[in-house]
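Peer 1: no sequence on this one, just coordinates:
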């Protein structure tokens, strides 16, 4: 049969194309709001004022830019094919909002808004209410009136905002994001959020200048700081046309493998040549773009001399600070080790020479130390990974790592099989733990080695979380989403999650067949319960991400409460607040509170005292004689104590 030519094919936009784009262009509320600020910059604004009222559900932004004419408005509502792809603004600014997705972001933020703009000749007003999916054929009717005035600018007022993060959205996070993402615009554009003028963040530390040029990436210049203390904003922050692009922490992890620098490098680099490598949501660059790959190679080379300087000048100073305490730490280890049957009380414990001039026993970096029962010597290896001293090493962490290494060295001294080594180590810890439990309760627990790299499964097992629960912490950006996670990342957040479980773990306890699938339902219950839920949940996370935690003492009650079936009979009367009221009304004795929340007498007294200082009385009398504790108030005080690190 002869071949024939068919009708031409072409890609056509479906009716739900705009809806799909609006849901995926900006996955974070903060990023969507930042696009509006970028539009103000592109309009040559010198002042932007933002007001947010969570109680009323309103959000407004005003700028004094050049405003939009009726023709400009048509361009503003065009999706894609932005006229800002090339060139500069009338005031000479390089455009930073140029993908033509501004109006799509509005649908992800609010149910209704009003836009008012005037360019000195015409004042235009555009109201829009979002109903269902965005329709590409929907007509938005503006009104125009002649308005000759020197006043220019644009104002967007949103009503009934519905931010993706719900109640967990924080204006503080928006302020922080604007400070870091738009810091280079502040010299030309004032940004005020709820009455506070934003200033560029300041970083203190050793300063290294950076400059390089490449055929693909063009000129890249800026400053690299090495901070004395770990920084929450560590990363290599790339700015294209004065706006930050990409994930600075991810880039730092990619170009630097030294754990001693991971939390201490804060870099600000101007890279206009990477403009073509920006993805639409600006959260990252195109990974395999030649300009990005060239920049990564350049940064890797530049990090080497910085790392050498740190190891030569900073780390030795840190080691010198530990040298004075090393003898005391070794003695503390000795006191615990001699509690093991068969270990002589006159055992001598040392840790070589942490300054690198060790003349003791020769070690490989994989050996924790050397033990000789006849000579009664236990020498720890300062080059063993958990015992290496870096700028981030904490004394308590080092001392605990020394004890772990000492136990391992003794267990290895018999050259036994792996199973014998594990049995010997567990037996020794069985003798040590009862004796040191009181000391451990008085210090911050360090459950993992800060310098070790763990897989997700290994870290979850080490800290007692499910892998699904660990993934929730990763999604909230409390932990990196890399293949291996350094223990130091867990140690940095351990105080936030201590004694708590994730909603994934609650779902597992409720025997949900697919725990991940019900987390959204649990979140809706919590959000709809409002203030009734607050004493029982902790919200943690970074960069607009959020993870809800429940105290482990309440976990079994929540798993039962969340699995209450909503039948047709009680659907009309069902209120999510009932789930929390059911727990709130519970009264426990002092002993029951201690068991549920793992609190000793001292901490129970501290709990009562802290509550009274904050005008919360957690105790109540029953029949004029029994002293009972109200669970809602106990949780409220516990949450505040944990937040203030008072427990």
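Peer 2: Done, it's in. Being a predicted model, the structure only gives us computed values, none of them experimental.

Peer 1: Confirm residue 379 sits in a strand?
Peer 2: Yes: counting by DSSP: H, G, I helix; E, B strand; the rest coil, residue 379 is part of a strand.

Peer 1: does residue 224 belong to a helix or a strand, and which?
Peer 2: strand 218-226 (DSSP states H and E).

Peer 1: now for the helix or strand just after that strand, which elements pack on it?
Peer 2: Next in sequence after strand 218-226, counting helices and strands by DSSP H and E, comes strand 235-240. Counting contacts by 3 or more C-beta pairs under 8 Å, 6 or more residues apart in numbering; DSSP states H and E, strand 235-240 is packed against strand 243-245, helix 248-255, strand 265-270. Every C-beta, even on glycine, is put in place using the N, C-alpha and C of the backbone.

Peer 1: Tabulate these in CSV, adding columns for mean pLDDT.
Peer 2: Formatted as CSV, the helices and strands packed on strand 235-240 follow (pLDDT from 0 to 100):
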stretch, mean pLDDT
strand 243-245, 92
helix 248-255, 84
strand 265-270, 94
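
Peer 1: Flag the shaky bits of the stretch 401-550 of the chain, pLDDT-wise.
Peer 2: The stretch 401-550 of the chain contains residues with pLDDT under 70 at 415-419, 434-451, 532.

Peer 1: the strands in it, which residues?
Peer 2: 453-454, 485-486, 500-502, 537-540, 547-551 (DSSP state E, counting those that start in this stretch).

Peer 1: Tell me which of those strands sits nearest to residue 269.
Peer 2: Across the strands of the stretch 401-550 of the chain, residue 269 has its closest neighbour in strand 485-486 (24.0 Å, C-beta to C-beta).

Peer 1: Quickly run through the sheet partners of the closest one, with directions.
Peer 2: Strand pairing for strand 485-486, determined by DSSP bridges: strand 453-454 (antiparallel).

Peer 1: Can you tell me what sits against the partner strand?
Peer 2: 448, 462, 484, 485, 486, 487 (C-beta atoms under 8 Å, 6 or more residues apart in numbering).

Peer 1: The closest residue to the third one other than its chain neighbours pairs with what?
Peer 2: Distances taken as C-beta to C-beta, 6 or more residues apart in numbering put residue 453 closest to residue 484, at 4.1 Å, once the chain neighbours are dropped. Note on residue 453: beta-bridge partners residue 486, judged by DSSP bridges.

Peer 1: Buried ones in the strand holding residue 224, by neighbour count?
Peer 2: 218, 220, 222, 224, 225, 226 (16 or more other C-beta atoms under 10 Å).

Peer 1: Where do the helices of the stretch 351-500 of the chain begin and end?
Peer 2: Counting by DSSP state H, counting those that start in this stretch, the stretch 351-500 of the chain has helices at residues 395-412, 418-441, 456-463, 467-475, 487-497.

Peer 1: scratch that, the stretch 1-150 of the chain
Peer 2: Using DSSP H, counting those that start in this stretch, the helices of the stretch 1-150 of the chain run over residues 17-24, 29-42, 70-76, 102-107.

Peer 1: So which of those helices is the most surrounded?
Peer 2: Mean neighbour count, computed with mean count of other C-beta atoms under 10 Å, is highest for helix 29-42 among the helices of the stretch 1-150 of the chain, reaching a mean of 23.

Peer 1: Report the mean per-residue pLDDT for that one.
Peer 2: Averaging pLDDT along helix 29-42 gives 90.

Peer 1: Contact partners for residue 474?
Peer 2: 456, 480, 481.

Peer 1: From residue 466, how far out is it?
Peer 2: 13 Å (C-beta to C-beta, to the nearest Å).

Peer 1: before we move on, what about residue 242?
Peer 2: In terms of C-beta to C-beta, residue 242 sits 43 Å off from residue 466.

Peer 1: Would you indicate which residues of stretch 412-428 are buried?
Peer 2: 412, 413, 421, 424, 425, 428.

Peer 1: rewinding a little: save the contacts of strand 453-454 as a markdown table, and put in neighbour count and distance to residue 602 too.
Peer 2: Listed next are the contacts of strand 453-454 as a markdown table, based on neighbours: other C-beta atoms under 10 Å; distance: C-beta to C-beta, whole Å:
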| residue | neighbour count | distance to residue 602 |
| --- | --- | --- |
| 448 | 23 | 27 |
| 462 | 15 | 28 |
| 484 | 12 | 39 |
| 485 | 22 | 34 |
| 486 | 23 | 34 |
| 487 | 24 | 29 |
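
Peer 1: Among these, which one lies nearest to residue 177?
Peer 2: residue 485 (24.4 Å).

Peer 1: That closest one touches residue 479, doesn't it?
Peer 2: Yes: with contacts counted by C-beta atoms under 8 Å, residue 485 reaches residue 479, the gap being 5.8 Å.

Peer 1: Would you agree residue 96 is in contact with residue 39?
Peer 2: No: here residue 96 lies out of contact with residue 39, judged by C-beta under 8 Å, at a distance of 9.1 Å.

Peer 1: Just give me the neighbour total for the nearest residue to residue 94 once chain neighbours are set aside.
Peer 2: Of all residues not flanking residue 94 in the chain, residue 241 sits nearest, at 4.0 Å (C-beta to C-beta, 6+ apart). The tally of other residues near residue 241 (other C-beta atoms under 10 Å) stands at 21.

Peer 1: how far away is the spatially closest residue to residue 470 that is not a sequence neighbour from residue 467?
Peer 2: Once flanking residues are discounted, residue 470 sits nearest to residue 460: 4.5 Å by C-beta to C-beta, 6+ apart. Noted for residue 460: a distance of 5 Å to residue 467, by C-beta to C-beta.

Peer 1: more crowded one of those two?
Peer 2: Counted by other C-beta under 10 Å, residue 460 and residue 467 do not tie: residue 460 has more neighbours, with 19 against 13.

Peer 1: can I get the buried residues of stretch 412-428 in JSON lines with distance to residue 522?
Peer 2: Below are the buried residues of stretch 412-428 laid out as JSON lines (distance: C-beta to C-beta, whole Å):
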{"residue": "412", "distance to residue 522": "46"}
{"residue": "413", "distance to residue 522": "50"}
{"residue": "421", "distance to residue 522": "43"}
{"residue": "424", "distance to residue 522": "44"}
{"residue": "425", "distance to residue 522": "39"}
{"residue": "428", "distance to residue 522": "42"}
